[in-house]
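3D model of this:
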Amino acid sequence: MSDETNLAEGADESLHDSIPVTGMYKDWFLDYASYVILERAVPAIEDGLKPVQRRILHAMKEMDDGRFNKVANIIGQSMQYHPHGDASIGDAIVNLGQKELLIETQGNWGDVRTGDGAAAARYIEARLSKFALEVVFNPQTTEWQLSYDGRKREPVTLPVKFPLLLAQGVEGIAVGLSTKILPHNFRELIEGSIEILKGNKTNVLPDFMTGGLADFSDYQEGLRGGKIKVRAKIEEEDSKTLLIKEIPYGTTTDSLIDSILKANDKGKIKIKKVVDNTAKDVEIQIQLAPGVSPDVTIDALYAFTDCEVSISPNACVIIEEKPVFLTVNQILEYNTKQTKELLRRELEIRKGELLEKLLFSSLEKIFIENRIYRDIEECTTWEAVLEAIDKGLEPYKPDFYREITQEDLVRLTEIKIKRISKFDAFKADELMKRLQEELKEVNYNLKHLTDFAIAYYQNLLDKYGKGRERKTEIRAFDTIQAAVVAANNAKLYVNRTDGFVGYGLKKDEFVCDCSDLDDIIAIRRDGKMVVSKIQEKLFMGKDILFVGVFRKNDERMTYNLIYLDGTSGRTMVKRFQVGGITRDKEYDLTKGTKGSKVLYLTANPNGEAETVTVYLTQGAKARVKVFDFDFAEIEIKGRGAGGNILTKYPVRKIQFKMEGKSTLGGLNVYYDPSVGRLNTDQRGRLIGNFLGDDKILVCYKNGDYELTSFELTNRYEANEVVLIQKFDPQKVISAIYYDGATKTHFVKRFLIETTTVNKRFNFISDHKQSYLKVVTTDSQAQVIVTVMKGKEEEQLEYDLEMLIDVKGWKAIGNKLSAYPVKEIQLIESAATKSEESEDSEDSDTDSEDQLEIGSKIDLTPKKDDEEQLGLF
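Model (predicted):
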């Protein structure tokens, strides 16, 4: 019993001594979260640096003697200030060095493009760049604090006079908080700061060392919720080879190649080989499989690989020891105002230094020229010496900007006899004059601080901006439909009797090649239609008449249908297009009555209308038991329309008789120069109305021309295209080009004689400095040419048809002028204006026709639609 009593008493004592764990966790976790946010992950807005980066730069400044230092030594020096391991410091140094702004490097520092790491810290060296020494450091304007162990001083923040945070970018993950600020262009940041100082608004956009193309339409100034799309720069070397010359930010050549190979393994793209030729410049060579379109493959690379990545920014910074979310333009404005304030403080400090120098120079001159030093020869005490000097300076005190202190008097006593004996009043006056001039300049800059700050930024731009031009090209991207560009990596099969469809039915009837992203449409004999996602094996209903790949929003595919209405016994005919659908939902193409069935069905990709022969039964009362019917006689309507009466008598069979033409007319194709793509959505400029084998003519700045199809998957380099229009082989092309070899302008007129599609032909001289100046298909083309006759300008008007006859496309042409050409302006002829007006009217008419066709596609059935075509 005594042992049990002792145990119980001990338990009671332990309960009295216990501490609630809940409170400890709450306080400790909050402290930990605050520490990680403030001291590890999120940068301060003042200098744009995380603590480890700031300590590294401070340590390098202390070590700086103009020579390179081993990174291992820099790590050791930094550990006096940073209370963490050497690995984190080493990684941070490499990260700073690879940004090529604050640190000059020597040795193998890795490559951000390939993902190669840096060599060991003992093998690589670094020193502060001249830019860093000029912009980042100033002990006089730095706020200091003790290091973690109290032995050293370290800066709270560095007095950076530049938007360093936006220039370098930063990424960090803390407890419940993250930040991601993308790097911006050096020159654009400075130009933006200058605009802010001038009182103008500015908008800066990211720029990446890896280059590439970027769409910033949803950037939202770097705030949470924004998004940018970055693409690799892909060039078409020839019809069988693509070259990736620049990669998206955040990827490497290795990761990019891996994503391409994975997409190929999954069948999303079809390539033969990928070769990494990256050396000084990035070059990934992609060899295409036979019969694969380069344009479609480029789209597929963007859709299925890391050739296109999305980046979500999240601009979060520390302001007064609190995380704050700001836009990048607000950060730039803050940094610009901070720079202006730091410059003011530096000028104030310099002003104080100059005033002190002037004061002491004046005191020294008075002390020596008035021989005040002789008055102290008979003084026996220190106080008497100082009093004698002070008395000698008394008449001049009203001229000084401040009172003379005892420290000033003591400094005068420290002047050496040698200096007094060799004192040169003229040199002293010259020194004071220079000091006064500098003081005057400092005072002027303080009064005109904004102009001084602008000049400061302009000096940075002139001094360090060379070679820092924008690397990432700003583009507007088009939306790529994955199902459209996906390679056909599967085969579609059907078992019509049992009603199964899929890519796994390899023993059944082959339908077509397809992609595993496609939707499949099936129409059964009972008049039911269903659209479903392709699968390995999918039941879509027995007795399937038609199955194929369903293209959403396809305005050309038209179905011609004849069916028997089960209630009335009439045979109905209809033409329809399939609009919006719900997957796996059955739709009635007949009236849905019992006993209805499909007698005839065709699917026509371009709205063709064929002719069929209808055979009635022998017992039919109709006088004519065999007749032809042309589907072009009826209008295209919605899938729900009941259709027109073909005959009220029983039908024995229906046979195909003759192919027909499309009733939809041509396709209006537009060119959107912002993305360099074709479309039918009326975005950009109308190129023309296209049918069948029609082609597009494209002329480029380098003097190439190319004939292409009007496939919407075609890609054009928008900034290189100077002419794009529907190709007419009878139209003469008039061109003026600059010949780099002779430094002369030539004019030529020619007809397109080649027929090869998707191949470029150069029709100007092949000198690397040659370029196309003017090109037109206007039959009455005229130009105004400004030439230099001596020192005077003169404008001459030429009719190109009169200058030169039509010759072969390889001809050099004739000289445009014997005088140096300054400017060439193409004059639009009346014929061209009239032609464009007609084209516009044709376009309007075509649009009306399309609208009319669209209006025919009524999605609700009407009784009036049952118009009887004839009594048989």
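
so which strand or helix has residue 599?
Per DSSP states H and E, residue 599 falls inside strand 597-604.

flag the shaky bits of this protein, pLDDT-wise.
Residue ranges of the chain with pLDDT under 70: 1-39, 482-487, 829-872.

can you tell me the SS state at the residue nearest to the spatial centre of it?
Against the mean C-alpha coordinate of the chain, by C-alpha atoms, centre = their mean, the closest residue is residue 214 at 0.7 Å. At residue 214 the chain is in strand, as set by DSSP: H, G, I helix; E, B strand; the rest coil.

residue 361 touches residue 431, doesn't it?
Yes: with contact taken as C-beta atoms under 8 Å, residue 361 and residue 431 are classed as touching, separated by 6.1 Å. Using the backbone N, CA and C atoms, a C-beta is placed for each residue, glycine as well.

can you get me the start-to-end distance on stretch 510-527?
23 Å (C-alpha to C-alpha, to the nearest Å).

just how off-centre is that stretch within its chain?
Centroid displacement of stretch 510-527 relative to its chain, using C-alpha atoms, centre = their mean, to the nearest Å, is 38 Å.

quick check: buried residues in that stretch?
Residues of stretch 510-527 classed as buried under the neighbour-count rule (16 or more other C-beta atoms under 10 Å) are 511, 514-527.

excluding sequence neighbours, find me the nearest residue to residue 737.
In space, and not counting its chain neighbours, residue 737 is closest to residue 764: 4.1 Å by C-beta to C-beta, 6 or more residues apart in numbering.

could you report the neighbour count for that neighbour?
If you count neighbours by other C-beta atoms under 10 Å, residue 764 ends up with 24.

roughly how far does residue 633 sit from residue 561?
According to C-beta to C-beta, to the nearest Å, residue 633 stands 14 Å off from residue 561.

repeat for residue 664
Applying C-beta to C-beta to residue 664 and residue 561 gives a distance of 17 Å.

higher neighbour count, these two?
Taking other C-beta under 10 Å, residue 664 and residue 561 do not tie; residue 561 has more neighbours (25 against 20).

and stretch 364-371, C-alpha only, in CSV?
Below are the C-alpha coordinates for stretch 364-371, written out as CSV (Å, rounded to 0.1, in the frame of the first residue of the first chain):
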residue,chain,number,x,y,z
GLU,A,364,44.5,76.3,-41.8
LYS,A,365,45.1,79.3,-44.2
ILE,A,366,44.2,81.8,-41.5
PHE,A,367,46.3,79.9,-38.9
ILE,A,368,49.4,79.9,-41.2
GLU,A,369,49.1,83.2,-43.1
ASN,A,370,48.3,85.2,-39.9
ARG,A,371,51.0,83.4,-38.0
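
apart from its chain neighbours, what residue comes closest to residue 268?
Counting by C-beta to C-beta, 6+ apart, residue 268 lies nearest to residue 304, which is 4.1 Å off, once chain neighbours are set aside.

residues near the one you found, how many?
Residue neighbour count, defined by other C-beta under 10 Å, stands at 24 for residue 304.

wait, it touches residue 265, no?
No: between residue 304 and residue 265 there is no contact under C-beta under 8 Å: 11.1 Å.

hey, what's in contact with both of those two?
Residues touching both residue 304 and residue 265 by C-beta atoms under 8 Å, 6 or more residues apart in numbering: none at all.

tell me which element the residue nearest to residue 372 when sequence neighbours are not counted falls in.
Excluding the flanking residues, the one nearest residue 372 by C-beta to C-beta, 6+ apart is residue 392, at 3.6 Å. If you go by DSSP H and E, residue 392 is part of helix 382-393.

can you give me the offset of that helix from its chain's centre?
Offset of helix 382-393 from its chain centre (C-alpha atoms, centre = their mean): 74 Å.

the lengthiest helix in the chain vs helix 382-393, what angle?
Across the chain, the longest stretch assigned as helix under DSSP state H is helix 328-369. Helix 328-369 and helix 382-393 meet at an angle of 100 degrees, taking axes from the mean of the first three to the mean of the last three C-alpha atoms, to 10 degrees as the criterion.

tell me which stretches of the stretch 101-250 of the chain form strands.
Ranges of strands in the stretch 101-250 of the chain, per DSSP state E, counting those that start in this stretch, are 103-106, 125-128, 143-146, 153-157, 170-173, 178-181, 213-215, 228-231, 233-238, 241-246.

just name the most buried of those strands.
Mean neighbour counts were compared across those using mean count of other C-beta atoms under 10 Å; the top stretch is strand 228-231, at a mean of 24.

parallel or antiparallel, list what pairs with it.
Strand 228-231 has its sheet partners listed here by DSSP bridges as strand 213-215 (antiparallel), strand 308-311 (antiparallel).

next one: the following helix or strand past the last one to chain centre, how far?
Okay, so that is strand 308-311. Using DSSP H and E, the next helix or strand after strand 308-311 towards the C-terminus is strand 316-319. Taking the mean of its C-alpha atoms, strand 316-319 sits 26 Å from the chain's own mean (C-alpha atoms, centre = their mean).

give the contact list for residue 368.
Contact analysis of residue 368 by C-beta under 8 Å, 6+ apart lists 415, 420, 423.

next, count neighbours for the last one.
The one in question is residue 423. Here the number of neighbours of residue 423 (other C-beta under 10 Å) works out to 15.

for residue 825, same thing?
Neighbours around residue 825, by other C-beta under 10 Å: 12.

tell me who's in contact with it.
Residues counted as contacts of residue 825 (C-beta under 8 Å, 6+ apart) are 783-786.

next, the nearest residue to residue 340 once chain neighbours are set aside: phi, psi?
Nearest residue to residue 340, sequence neighbours excluded (C-beta to C-beta, 6+ apart): residue 453, at 4.6 Å. Note on residue 453: backbone dihedrals following degrees, to the nearest 10 are phi -70, psi -40.

in contact with residue 453, which residues?
Counting by C-beta under 8 Å, 6+ apart, residue 453 makes contact with 197, 336, 339-340, 343.

over to residue 275?
Residue 275 is in contact with 284-285, 287, counting by C-beta under 8 Å, 6+ apart.

give me phi/psi at residue 87?
Given degrees, to the nearest 10, the pair of backbone angles that residue 87 has is phi -60, psi -40.

what about residue 537, neighbour count?
By the criterion of other C-beta under 10 Å, residue 537 has 13 neighbours.

same check, this time on residue 810
Residue 810 has 11 neighbouring residues, counting by other C-beta under 10 Å.

right, and it touches residue 762 too?
No: using C-beta under 8 Å, residue 810 makes no contact with residue 762, being 9.1 Å away.
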